[in-house]
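Engineer: Below are the sequence and a predicted model for it; my questions follow.
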Amino acid sequence: MERKVRVRFAPSPTGALHIGGVRTALYNYLFARQHGGDMILRIEDTDSTRFVPGAEEYIIEALQWLGIEIDEGIGAWNRQQGRLTKDLCGQYGDKGPYRQSERRAIYHTYVRQLLDSGHAYIAFDTPEELERKREEVKNFQYDASTRMSMRNSLTMPADEVQRLMDAGEQYVVRFLVQPNEEVHVNDLIRGEVVINSNIIDDKVLYKSADDLPTYHLANIVDDHLMEVSHVIRGEEWLPSAPLHVLLYRAFGWEQSMPRFAHLPLLLKPDGNGKLSKRDGDRLGFPVFPLEFHDQKTGAVSSGYRESGYYPEAVINFLALLGWHDTGDKEMYTMDELIRDFSLDRVSKAGAKFDYEKGKWFNHQYLMLRDDADLAREFASVVAAHDTPESPITHRLTEAQLTHVVGLMKERVTFVSELWEQCSFFFKAPEEYDDKSLRKRWKEESPRHMQELIGVLEQVSEEDWSRRVVVPAAEPTAENPDPQPTTTWFIDTVVMPWIAEQGYGVGLVMNAFRICLVGAARGPHIWEITDILGKTETLNRVRQALDRLR
RNA sequence: GGUCCAUUCGUCUAUCGGUUAGGACGACAGAUUUUCAUUCUGUAAAGAGCAGUUCGAUUCUGCUAUGGACUACCA
């Protein structure tokens, strides 16, 4: 039976969407797009006690940032309207509502159906009673072996049940699981999984306390009604998949049951266990796509966006955590992922989260960016460092900024890091690095720099930025691309002066560098003098002489 | 404890019975760079163990070990 591919991402709004959830959403999205199907976003808010305000908006904003588009359900409205409105969580689609708390009436009829067909029953056992039972009887399970000794509609007369319900006694509806039955689940990633129904307990499907179904019931009803063709979700759901099959069967929907694919989990980088929301703080990297402000606790958790990641990098990194095509390709655009992704190449074992690899991906995407774009991004970082206490003293033109960014980008993972690497382009050094001084600032350095000032003063403003191609050293096997460019005055004024005086090139140039940068780092010295210009360059040498004498 | 799932370099993974078991991240070393970084080259690094099937197993089967998930009126 050929049917339209429809997948859903169904988070519960209990906090920030964590990175494992993002990957689940991504795989769903890739699968939907590849097959020309629909991507549905459904909010599973059946646990009223764990609802976190703002979580829904967070989920939608995160998916938006990452480029995971929702076709139907919560958050799809904006896209369908072709514009952004304040109503981030607007719904779109004819199978709604897409928030489970808004579907109570629907669940009522299906709970009724199960009750009437004898697939479910009403139970009055209180949480406290069950708690006590679990303490008394080891491995207590509410199932065929115990249900006849509990307080439920199977053991109580019908009028008594009715009386209790009328009296407002709280109850739950439980699924009646037939014992000793082999339940088969055909998983697209793991193949056939068989489980005996004896180990499945009579799951609670509905609780009268908040008039809401539990996950299991709501999930099956919604997936059926929304005509979901493939359920792609985390491996933590594998143990309850047989129960879900039983539910489809009880409803008489087994023929149109969706196909299942259970994804391997994302594991902690150190130690054991699955990656949790706490690991981010503990290990110093984000586990959330966006920074999250918990309105209940006031806690702030870091996000990939705020840490300086590009969404393409996060997507690429996440896609490869649990999926890999044949071959060695590592860089994938979203379109390439949509083209190449396949469920049967998803690995079966959990993947440890390797943050270093994530950084490497960001570096790659940063390198791929246009220098002009990077310059624009960096400009706001620069502006943020222009404070009254420490104002920027040397301003760069757009072209200069673009050039600087081009020089420095291969050294950094994030745009924000650029500042640490090249703040000296904007501010004269306030202090001089000790280690560099010990190594590069010698007794004769002040004298050399004093003389250098005289030498540089002879260079005219026009000549200052003249570039020349010096006769390159012969290319060798080790050095196939000898540095060909420098600035004219370095080549024809400074170098000859050094040679004349018999000074060491390294000694003079490194001292010069310390004057300009404040440390022994940075790009080629002629790049620096070029950007700084004659006046600033001389000022810095004088300043250094002043302070280091 | 029970049930289910998994197991190739430290990490992510390629291999769909015959390979010097490949790539990437990370690590280390060397070269280049008048600084630092980059870059380049190279090195170390893996089939959990034991049986079986087979002419031949990383690949198929079983057992053991290890890891993980689940075991709620949470999802």
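Structural biologist: Cool, got the structure.
Engineer: Any idea how many residues pack against A:Val459?
Structural biologist: 21 (other Cβ atoms under 10 Å). C-betas here are computed from N, CA, C, even on glycine.
Engineer: Looks to me like it is in a helix.
Structural biologist: No - looking at A:Val459 with DSSP: H, G, I helix; E, B strand; the rest coil, it is coil, so not inside a helix.
Engineer: check contacts around it.
Structural biologist: Contact analysis of A:Val459 by Cβ atoms under 8 Å, 6 or more residues apart in numbering lists A:Phe489, A:Val493, A:Lys534.
Engineer: Near RNA strand B, which residues of the stretch 151-300 of chain A are found?
Structural biologist: A:170, A:172, A:190-191, A:193-196, A:199, A:201, A:204, A:207, A:209, A:212, A:214-216, A:235-240, A:264-265, A:267, A:271-274 (Cβ under 7 Å from any atom of the strand).
Engineer: overlap between the contacts of A:Val459 and the residues near RNA strand B?
Structural biologist: Near RNA strand B, by the rule Cβ under 7 Å from any atom of the strand, you find none of the contacts of A:Val459.
Engineer: so which of those residues is the most crowded?
Structural biologist: So for the contacts of A:Val459 (other Cβ under 10 Å), the most neighbours sit at A:Phe489, 23 neighbours.
Engineer: Assign a three-state SS to that residue, would you?
Structural biologist: Following three-state DSSP, we place A:Phe489 in the helix state.
Engineer: my guess is it meets A:Trp464, correct?
Structural biologist: Yes - counting by Cβ atoms under 8 Å, A:Phe489 does reach A:Trp464; the two are 6.4 Å apart.
Engineer: so how far is A:Leu283 from A:Val468?
Structural biologist: Applying Cβ to Cβ, to the nearest Å, the value for A:Val468 to A:Leu283 is 50 Å.
Engineer: next one: A:Asn362
Structural biologist: In this view, A:Asn362 and A:Leu283 are 17 Å apart by Cβ to Cβ.
Engineer: So between those two, which is more surrounded?
Structural biologist: A:Asn362 (23 against 14).
Engineer: Check what pLDDT the residue nearest to the more buried one when sequence neighbours are not counted gets.
Structural biologist: Counting by Cβ to Cβ, 6 or more residues apart in numbering, A:Asn362 lies nearest to A:Ala313, which is 4.2 Å off, once chain neighbours are set aside. Note on A:Ala313: pLDDT of 97.
Engineer: Tabulate the contacts of A:Val459 (a markdown table), appending pLDDT and distance to A:Gly15.
Structural biologist: Formatted as a markdown table, the contacts of A:Val459 follow (pLDDT from 0 to 100; distance: Cβ to Cβ, whole Å):
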| residue | pLDDT | distance to A:Gly15 |
| --- | --- | --- |
| A:Phe489 | 82 | 60 |
| A:Val493 | 86 | 64 |
| A:Lys534 | 90 | 57 |
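Engineer: Of all the residues in chain A, which one is nearest RNA strand B?
Structural biologist: Taking Cβ to the nearest atom of the strand, RNA strand B has its nearest neighbour within chain A at A:Asn272, 2.3 Å off.
Engineer: before we move on, what SS does that residue have?
Structural biologist: Here A:Asn272 is coil, with the state taken from three-state DSSP.
Engineer: can you count the residues close to it?
Structural biologist: 7.
Engineer: which residues sit in contact with it?
Structural biologist: Counting by Cβ under 8 Å, 6+ apart, A:Asn272 has no contacts.
Engineer: Any regions of chain A where pLDDT drops low?
Structural biologist: When residues are selected by pLDDT under 70, those of chain A lie in A:1, A:77-87, A:271, A:469-485.
Engineer: tell me the domain boundaries of it?
Structural biologist: With domains defined by automatic domain parsing, chain A comprises A:6-91+A:265-359, A:103-263, A:370-425, A:434-548.
Engineer: Give me whichever of those domains is most buried.
Structural biologist: The highest mean neighbour count among the domains of chain A, using mean count of other Cβ atoms under 10 Å, belongs to domain A:6-91+A:265-359: a mean of 18.
Engineer: and stretch A:290-298, how far from the chain's centre?
Structural biologist: 16 Å (Cα atoms, centre = their mean, to the nearest Å).
Engineer: How about stretch A:450-459?
Structural biologist: Computed by Cα atoms, centre = their mean, the chain-centroid distance of stretch A:450-459 equals 53 Å.
Engineer: is any part of it close to RNA strand B?
Structural biologist: No - judged by Cβ under 7 Å from any atom of the strand, stretch A:450-459 stays clear of RNA strand B, getting no closer than 12.2 Å.
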